[in-house]
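[1] when you get a sec, could you give me coordinates for this:
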Amino acid sequence: MASASTINDQSTLKDNEPYRAPLYGADDPDRIAGWYIIDLKPGHTIEKHSAAVGTDMKKYLKERLKSLYPDRVVYGATEVDDELLEKIRADEGVQKIYCDSEGGELE
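    You can find the predicted model right below:
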């Protein structure tokens, strides 16, 4: 799982700046390239998320963490390139994203 030791976000957005979900663990030396844990806001479904991103995210879904997060969609995604990651971060239904890492844990 991912570590939340580092964060790369835009928590101080100015008016008219596009939304960008925070990304945790980008500097983790143990991160797995292209693997992410994506945490959606309550009520934002995988179908709504796919529509916002412009691609079927089910094909990137590694596992859904339903037992840990029964109130919302949190899932592991693989084979996500930089372009797709930016589209995911631009989805206002995404609460936060963790870079997945070897042996890491969500904090």
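[2] can you give me the buried ones in the top strand by length along the chain?
    What stands out as the longest strand in the chain, according to DSSP state E, is strand 31-40. Within strand 31-40, the residues scored as buried using 16 or more other Cβ atoms under 10 Å are 31, 34-40. Every C-beta, even on glycine, is put in place using the N, C-alpha and C of the backbone.
[3] run through who's touching it.
    1-2, 25, 46, 49, 62, 65, 69, 72-81, 85, 88, 93-102, 104, 106 (Cβ atoms under 8 Å, 6 or more residues apart in numbering).
[4] and those, which of them are buried?
    Looks like the contacts of strand 31-40 have 1-2, 25, 46, 49, 65, 72-77, 80, 85, 88, 93-101, 104, 106 buried, using 16+ other Cβ under 10 Å.
[5] okay, and which of those map to helices?
    Using DSSP state H, the members of the buried ones among the contacts of strand 31-40 that fall in helices are 46, 49, 85, 88.
[6] save the buried residues of strand 31-40 as a markdown table, and put in pLDDT and distance to Y19 too.
    Formatted as a markdown table, the buried residues of strand 31-40 follow (pLDDT from 0 to 100; distance: Cβ to Cβ, whole Å):
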| residue | pLDDT | distance to Y19 |
| --- | --- | --- |
| R31 | 93 | 23 |
| G34 | 97 | 22 |
| W35 | 97 | 23 |
| Y36 | 97 | 17 |
| I37 | 97 | 19 |
| I38 | 98 | 15 |
| D39 | 98 | 15 |
| L40 | 98 | 13 |
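[7] and the furthest pair within those?
    R31 and L40 (20.7 Å; Cβ to Cβ).
[8] ok, the ones in helices among the buried ones among the contacts of strand 31-40 vs N16, which is closest?
    After measuring those against N16 - Cβ to Cβ - the closest member comes out as I88, at 21.3 Å.
[9] was I right to think the closest one contacts I97?
    Yes. Contact status for I88 versus I97: in contact at 6.7 Å, counting by Cβ atoms under 8 Å.
[10] can you list residues touching both of those two?
    Common contacts of I88 and I97 (Cβ under 8 Å, 6+ apart): 21, 36, 38.
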